[in-house]
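*Asks:* Have a look; sequence and predicted model below, questions after that.
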Amino acid sequence: MSSTNSSNATRGSLKAAWARCALWALGSLYVLAAGLQIYSFVVTRDALQSELPKNFGNFESVRGSLAASDANKPFTFVIVGDPRSSATFEALAEDIDKAQPAFVVILGDWVNDGTMNQHAYFKRKAPDYGFSCPVFFTPGNHDVDPVDYPLTSFERDYGPRNFSFVYDDNIFIFISHLDKRFSNRESLNYLRSIDSKTLSAYRNRFVFMHIPPWVSPDMKERHTADENELMQIFEDLKIDYVVAADFHGYNRTRLRGVEYVVTGGGGGHLHNAQWPQFHHAIALTVGQDMVSERILPASSRFSIIKRIDMNSIVYVGPFFYSHYFVIIFANFAFLLLLYAFFKSSCKSKGVQ
């Protein structure tokens, strides 16, 4: 009889211990979930209220803030493509800043998808990159979406998609060149509207865009319906440099008098189809009779903190905001379950 009682007591003790462990586990899980909810609400609200730094964008005010040039001294600008708001790009930004550029050009795909939440995350992160010079943008296929973030939204947040400016007797032309979801006709018409005689007066003529014509078998093959027409326009206008991204790597090709520089190694997943590529930006130094290129290489970086931050702003927070009744009900139901489990645990210990 004594042995039976002892066995029952042992089982009761183990059951009570299991109940306490389960209660602690459920409580800890709820604290973690509640913390994630609060954090996601706070950072998402902050991101949605964030604005780009005053030196970011294609607006006239940003172009007007370019530092005065000295015709007797060379100047440097930096181009970087497909950064995807990654930890790799954040580290690369330090080397870009050390190059002391007169301006920076982001050649598209600075976010992962064309949604308001992705751009809210970028706006919140932008001050962390530490750029004090003007930063210009060409929209990429991942930055815009015909429904969720159309080109009109891009122009509202970042300024015109087709524009140009002159700096130290060089002209810099920016166009939107995207995939088949969008029409590129306005961009081609914009190029055709530029007077070739006026262009010929400049020392160098640069064009920036996202998707380049497929000019080399060394790049991942991708075509646009207008690429032959576009290349003919470049040749007619005697463009010196066409600078683009989209291909997540590096390529330089000279074709019929035009130098095509493709640089998409700013932080996105690399295209290693032909051979290994590398993360990088490019610093171009322009002088009276030269254009010099310097590669700014970077190592791949991953940050779990930054990934949590991005997912909280892009996915978790917006879900909570749009389903807050469900979230409130789920929290209430979980707390009731936790209370019921606690009461049951107390009874098993003979408290009630």
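*Replies:* Thanks, I have it.

*Asks:* what residue ranges in the stretch 201-350 of the chain score low on pLDDT?
*Replies:* 273, 338, 341, 344-350 (pLDDT under 70).

*Asks:* residue boundaries of the helices in it?
*Replies:* Here the stretch 201-350 of the chain has its helices, by DSSP state H, counting those that start in this stretch, at 227-236, 304-311, 317-322, 324-348.

*Asks:* Generate JSON lines for the ones you listed, with distance to Leu255 and mean neighbour count as supplementary columns.
*Replies:* The way it works is simple: take the backbone N, C-alpha and C, and place the C-beta from them, glycine included. As requested, the helices of the stretch 201-350 of the chain are exported to JSON lines (distance: least, CB to CB, whole Å; neighbours: other CB atoms under 10 Å):
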{"stretch": "helix 227-236", "distance to Leu255": "7", "mean neighbour count": "16"}
{"stretch": "helix 304-311", "distance to Leu255": "38", "mean neighbour count": "14"}
{"stretch": "helix 317-322", "distance to Leu255": "44", "mean neighbour count": "17"}
{"stretch": "helix 324-348", "distance to Leu255": "55", "mean neighbour count": "12"}
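
*Asks:* looking at those helices, which is closest to Val291?
*Replies:* With CB to CB as the criterion, Val291 lies closest to helix 227-236 of the helices of the stretch 201-350 of the chain, at 16.5 Å.

*Asks:* For Thr253, grab the count of nearby residues.
*Replies:* 18 (other CB atoms under 10 Å).

*Asks:* can you tell me the average pLDDT over stretch 125-137?
*Replies:* Stretch 125-137 shows a mean pLDDT of 96.

*Asks:* Now do the strands in the stretch 151-300 of the chain.
*Replies:* 163-167, 170-174, 204-208, 241-244, 250-255, 258-263, 279-286, 291-298 (DSSP state E, counting those that start in this stretch).

*Asks:* In contact with Ala126, which residues are there?
*Replies:* For Ala126, the contact set (CB atoms under 8 Å, 6 or more residues apart in numbering) comprises Leu52, Pro53, Phe56.

*Asks:* burial count for the first one?
*Replies:* So that's Leu52. 19.

*Asks:* likewise the second one?
*Replies:* By other CB under 10 Å, the residues close to Pro53 number 16.

*Asks:* re earlier: got the helices of the stretch 201-350 of the chain as JSON lines, with distance to Arg205 columns?
*Replies:* Conversion of the helices of the stretch 201-350 of the chain to JSON lines gives the following (distance: least, CB to CB, whole Å):
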{"stretch": "helix 227-236", "distance to Arg205": "9"}
{"stretch": "helix 304-311", "distance to Arg205": "38"}
{"stretch": "helix 317-322", "distance to Arg205": "43"}
{"stretch": "helix 324-348", "distance to Arg205": "53"}
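
*Asks:* Relative to Val147, which of those helices is closest?
*Replies:* helix 317-322 (15.9 Å).

*Asks:* If you count contacts, what does the closest one end up packed against?
*Replies:* helix 2-48 (3 or more CB pairs under 8 Å, 6 or more residues apart in numbering; DSSP states H and E).

*Asks:* Let me know the next secondary structure element after the helix it packs on.
*Replies:* With elements assigned by DSSP states H and E, the helix or strand that comes after helix 2-48 is helix 60-63.

*Asks:* Any idea how far that following helix is from the middle of the chain?
*Replies:* Taking CA atoms, centre = their mean, to the nearest Å, one finds the center of helix 60-63 at 22 Å from the center of the full chain.

*Asks:* Which single one of the contacts of Ala126 is nearest to Val286?
*Replies:* For the contacts of Ala126, the nearest to Val286 is Phe56 (22.3 Å; CB to CB).

*Asks:* how close does the residue nearest to the closest one when sequence neighbours are not counted get to Trp275?
*Replies:* Take Phe56 and drop its neighbours on the chain: the residue closest to it by CB to CB, 6 or more residues apart in numbering is Val135, 4.6 Å away. Here the criterion is CB to CB, to the nearest Å. By it, Val135 lies 31 Å from Trp275.

*Asks:* What is the end-to-end distance of stretch 204-224?
*Replies:* Start and end residues of stretch 204-224 are separated by 26 Å (CA to CA, to the nearest Å).

*Asks:* Can you point out the buried residues in that stretch?
*Replies:* 204-216, 219-220, 224 (16 or more other CB atoms under 10 Å).
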